[in-house]
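1. Pasting the sequence and the predicted coordinates here, then a few questions.
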Amino acid sequence: MAETLLSNNRTPRTLRLVSRAIIWVAAAVLVVALMCALTIALVGWNWLRGPLEQYALQKTGRVLAIQGDLNVQFGWPVARIQAQALGFANPSWAQNPHLLTAQGIEVGIDIPQLFHRKLVLPDVRLEQADVSLERSREGRKSWLLDLGQTDEEARIGLGQVSIEHGSIGFDDPSQETSLQATLSTAASSTAKAPTTGLQFTVQGNYKGLPVKGQGSGGPALALSDTQLPYPLNARATIGRTAITLDGTVTDLQTLRAADLHMTLRGDSLEQLYPLLGIAFPVTRPYTAAGRLVHSGSTWRFEKFAGRVGSSDLAGYAQVVIGGKRPTLTAEVQSNRLALDDLGPVIGARPGSVKQAVAQLQNTGHVLPDLPFNTERWDSVDADVQLQAKSLLRAQALPLENLRVHLSLHDALLTLKPLNFGLAGGQLEATVTLDGRHAPLTGQAQALVRKVLLGKLFPTLDLGKNSIGLVHGEFDLKGTGNSVGSMLAHANGKLGLVVSDGQISQLMMEKAGLHLWEILGLSLTGDRLIKLRCAVADFDVKQGTMQASALVLDTQVSTLIGSGNIDLKNESIDLMLDPRTKATSPLSLHSPIYIRGSFAHPRVQIDKGRVITRAAGAVGLGLLNPLLALIPLVDAGPGKDSDCGELVRDAKARP
């Protein structure tokens with residue numbers, strides 16, 4: 001009982017002691033707070049400059065200098081600090097000594113984030129500020145605040161930043177990049193209320209390309225605002241590429257989202273590689289305008305319309321980033337596609353048809369010889385579909401439409417299908433180019449179906465009067481860094497067949513130099529004769545096309561051919577031997593030689609044989625005028641060719 005009473009007496013005493021301690025502590029805190037408030041009221045916040053500068057030097061190894069007045073406004077969850085004449089140094093390796101200098105600065109500090117050891121500034125306002133950001137060749141970044149400038153977490157979290165007047169510079173010597181931007185906030189008045197907006201200009205070099213641009217935006221840079229879209233209007237030239245943007249972006253630091261109307265102009269799509277890091281083909285000058293939308297890892301240029309050279313293009317292109325390499329998907333349509341504009345894509349030299357012809361006369365080369373830039377092929381995976389309703393072309397190229405599906409994966413490029421409308425029929429091809437090894441390996445397989453003979457050679461007499469369907473196929477494989485070099489080392493087969501058609505008799509009589517028949521048809525008019533068959537079958541070895549079957553068999557005569565076509569030297573050496581099926585009373589029978597280069601082919605006859613026959617006729621004519629006809633008579637030893645066998649052989653070879 002006594003112990004219980006004693007315990008009860010101690011409890012009130014303990015409570016009284018605790019209460020007195022709390023009162024004394026509270027009083028001490030209040031006294032300190034009052035003394036601090038009195039000191040601040042008498043002296044201001046300038047006494048805090050020293051501790052802040054010392055703390056910055058200890059944590060970053062850089063000098064923070066606050067030369068003007070300092071003011072602090074407490075609040076929750078954001079406190080505000082105002083300072084004048086502030087400077088913060090760059091690391092010692094940087095070229096510019098200061099990361100930031102400003103005549104005036106006002107920042108909001110997120111107090112709860114300080115408890116997580118993070119410095120977050122929801123809003124920053126700068127006056128007469130110069131900012132210099134640099135990246136070293138070793139990858140260090142001057143805006144990272146750890147001692148080594150390599151920790152991506154050691155950065156200040158910035159929200160909205162407004163700059164009344166100032167400049168921002170960025171230098172990265174490893175990327176040949178040096179940019180300098182001037183910024184100012186300009187005020188404007190409207191019928192509703194006065195507004196302010198950011199005006200900026202930029203110049204310098206980006207990845208070695210000269211840059212010049214200007215634009216405008218909202219009053220405050222929304223560097224990390226993930227909710228509020230930031231209005232942006234900009235025009236710039238980067239190298240030979242011009243770009244305009246008008247719309248909004250969200251979170252300027254990471255470009256979380258974008259919705260912009262974009263216009264692009266340039267000399268070649270290939271020049272976009274330094275800007276985007278994605279390989280595009282060499283093209284003629286282009287322009288395109290459409291809507292650029294970005295969300296997450298997807299960039300989409302949709303509903304665009306433009307031109308490449310004289311060809312119109314429209315459709316969409318989409319790039320998804322974040323994988324091993326970017327993935328490009330596109331669907332493009334053209335109402336009028338000029339074949340001249342496709343030339344640079346396959347390595348043909350640029351220029352109009354007239355320019356190309358002039359160049360052929362100077363160089364003597366026809367096959368595309370510009371090398372493919374295969375080292376860029378592994379920069380992107382692509383799936384592109386192109387369809388052209390009509391083709392602008394030379395009369396000698398009877399192509400009517402185009403449909404192609406391009407696939408590029410791990411530097412392996414496939415065109416399947418690659419379809420053309422050819423002279424009323426179809427050419428269906430598959431092309432594979434393997435850029436994983438040097439030199440490039442290429443293979444082309446094609447089927448030719450139901451091509452109208454009358455349209456196949458529109459610039460020749462053959463095309464004006466002939467009827468028939470052409471079928472064929474080829475399979476070629478070669479190595480090289482251009483189309484020309486691959487064909488120069490090609491191996492494979494090539495075959496074409498024409499059967500059950502009709503052809504110009506006048507053309508065939510001219511081929512046999514049948515003077516009597518030529519004279520008669522010139523007076524009465526040309527007529528069509530039966531084309532029993534035509535076969536062209538070539539074996540291709542190391543760029544040489546050797547004729548294994550070359551026959552043109554008609555109702556009145558047959559042409560039997562031999563020889564070769566050299567794809568390496570771009571030369572032709574073919575001989576056609578005409579054999580008439582009926583006696584011709586007046587003929588200068590001679591083989592026909594097709595020789596020369598691809599650029600300058602020559603069709604010749606055996607002048608010696610013709611002169612010999614003519615001289616014999618003259619000599620006999622001196623003895624008896626009727627004897628003069630003997631050397632000029634073609635007795636007609638030609639026979640009908642076994643077309644069925646030739647056709648089966650030509651079809652079986654490829």
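-> Structure received.
2. Could you look up the SS state of the nearest residue to residue 128 once chain neighbours are set aside?
-> Among residues not flanking residue 128 along the chain, residue 103 sits closest, at 3.8 Å (Cβ to Cβ, 6 or more residues apart in numbering). In this view, the C-beta of every residue, glycine as well, is placed from N, C-alpha and C. Put simply, residue 103 is strand when judged by DSSP: H, G, I helix; E, B strand; the rest coil.
3. Return the backbone torsion pair for the residue nearest the centre of the chain.
-> The centroid of the chain falls nearest to residue 280 when counting by Cα atoms, centre = their mean (1.7 Å). Phi and psi for residue 280, reported as degrees, to the nearest 10, are phi -120, psi 160.
4. and if you look at the one 3 residues further on?
-> Comment: the main-chain dihedrals of residue 283 come out as phi -140, psi 170, following degrees, to the nearest 10.
5. Could you do residue 488 as well?
-> According to degrees, to the nearest 10, residue 488 has phi -70, psi -20.
6. residues in contact with it?
-> Counting by Cβ atoms under 8 Å, 6 or more residues apart in numbering, residue 488 touches 367, 478, 480, 543, 567, 568.
7. Among those residues, filter down to the buried ones and hand me the ChimeraX syntax, if you would.
-> Buried residues within the contacts of residue 488, by 16 or more other Cβ atoms under 10 Å, are selected in ChimeraX with:
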select :367,478,480,543,567
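8. for the residue nearest to residue 128, what are its contacts?
-> So residue 103 contacts 84, 85, 127, 128, 129 (Cβ under 8 Å, 6+ apart).
9. Wait, the third one touches residue 101, no?
-> No: applying Cβ atoms under 8 Å, one finds residue 127 not in contact with residue 101, separated by 11.1 Å.
10. Those two: who's more crowded?
-> More neighbours surround residue 101 than the other of residue 127 and residue 101, with 21 against 16 (other Cβ atoms under 10 Å).
11. what's the distance between that one and residue 135?
-> Residue 101 sits 20 Å away from residue 135, going by Cβ to Cβ, to the nearest Å.
12. quick one: contacts of the strand or helix carrying residue 197?
-> Assigned by DSSP states H and E, residue 197 falls within strand 195-206. Strand 195-206 is contacted by residues 162-163, 176-189, 210-221, 236, 238, 274-275 when judged by Cβ under 8 Å, 6+ apart.
13. Could you identify the buried members of those?
-> Counted by 16+ other Cβ under 10 Å, the contacts of strand 195-206 give 162-163, 177-179, 181, 183, 185, 211, 213, 215, 217-218, 220-221, 236, 238, 274-275 as buried.
14. follow-up on the earlier one: need the contact list for the residue nearest to the centre of the chain.
-> So residue 280 contacts 269, 270, 272, 273 (Cβ under 8 Å, 6+ apart).
15. most neighbours, which of the residues you listed?
-> residue 269 leads those on contacts (other Cβ under 10 Å) with 22 neighbours.
16. mind showing which ranges of the stretch 501-650 of the chain have poor pLDDT?
-> Scanning the stretch 501-650 of the chain for pLDDT under 70 picks out 505, 508-522, 525, 581-590, 605-650.
17. what are the ranges of the strands in it?
-> With DSSP state E, counting those that start in this stretch as the criterion, the stretch 501-650 of the chain has strands at 528-541, 544-554, 557-566, 571-580, 592-597, 601-605.
18. what's the closest of the ones you listed to residue 288?
-> strand 592-597 (39.0 Å; Cβ to Cβ).
19. Okay, buried residues for the closest one please.
-> 592, 593, 594, 596, 597.
20. Direction included, what does that strand pair up with?
-> Taking DSSP bridges as the criterion, strand 592-597 sits next to strand 571-580 (antiparallel), strand 601-605 (antiparallel) in its sheet.
21. I'd like the distance from stretch 490-497 to the chain centre, please.
-> 32 Å (Cα atoms, centre = their mean, to the nearest Å).
22. Kindly report the same for stretch 49-57.
-> With Cα atoms, centre = their mean, you get 52 Å for stretch 49-57.
23. sorry, back to before: which ones among the buried ones among the contacts of strand 195-206 are found in helices?
-> 274, 275 (DSSP state H).
24. hmm, back to that, using PDB, list the CA coordinates for the strand holding residue 197.
-> Taking C-alpha atoms only, strand 195-206 is exported to PDB below (Å, rounded to 0.1, in the frame of the first residue of the first chain):
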ATOM      1  CA  THR A 195       0.500  39.400 -73.400                       C
ATOM      2  CA  THR A 196       4.200  38.600 -73.500                       C
ATOM      3  CA  GLY A 197       6.000  36.100 -75.600                       C
ATOM      4  CA  LEU A 198       9.600  34.800 -76.000                       C
ATOM      5  CA  GLN A 199      11.500  35.800 -79.100                       C
ATOM      6  CA  PHE A 200      14.700  34.000 -80.000                       C
ATOM      7  CA  THR A 201      17.400  33.700 -82.700                       C
ATOM      8  CA  VAL A 202      20.000  31.000 -83.000                       C
ATOM      9  CA  GLN A 203      23.100  30.500 -85.100                       C
ATOM     10  CA  GLY A 204      26.200  28.400 -85.200                       C
ATOM     11  CA  ASN A 205      27.000  24.900 -86.300                       C
ATOM     12  CA  TYR A 206      25.200  21.600 -85.700                       C
END
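25. Return the set of buried residues in that strand.
-> 197, 198, 200, 202, 204, 205, 206.
26. tell me which of those residues is nearest to residue 371?
-> Nearest to residue 371 among the buried residues of strand 195-206, with distances taken as Cβ to Cβ, is residue 206, at 26.3 Å.
27. How much space separates that closest one from residue 237?
-> Taking Cβ to Cβ, one finds residue 206 at 11 Å from residue 237.
28. and if you look at residue 147?
-> On the measure of Cβ to Cβ, residue 147 and residue 237 end up 40 Å apart.
29. Make TSV from the strands of the stretch 501-650 of the chain and add distance to residue 311 to it.
-> Below are these laid out as TSV (distance: least, Cβ to Cβ, whole Å):
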stretch	distance to residue 311
strand 528-541	32
strand 544-554	32
strand 557-566	31
strand 571-580	32
strand 592-597	30
strand 601-605	30
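30. tell me the secondary structure for residue 55?
-> Residue 55 ends up helix, using three-state DSSP.
31. So for it, what's the pLDDT?
-> Predicted confidence (pLDDT) for residue 55: 90.
32. on that earlier part again, can you say which of the strands of the stretch 501-650 of the chain is nearest to residue 431?
-> strand 528-541 (16.0 Å).
33. Find me the pLDDT at residue 11, would you?
-> Residue 11 is assigned 61 on the pLDDT scale.
34. For residue 418, name its beta-bridge partners.
-> Where residue 418 sits in a bridge, its partners, by DSSP bridges, are residue 404, residue 429.
35. Quick one: residues contacting it.
-> 404, 405, 428, 429, 430, 431.
36. re earlier: farthest-separated two in the buried residues of strand 195-206?
-> Farthest pair in those, by Cβ to Cβ: 197 and 205, 27.5 Å.
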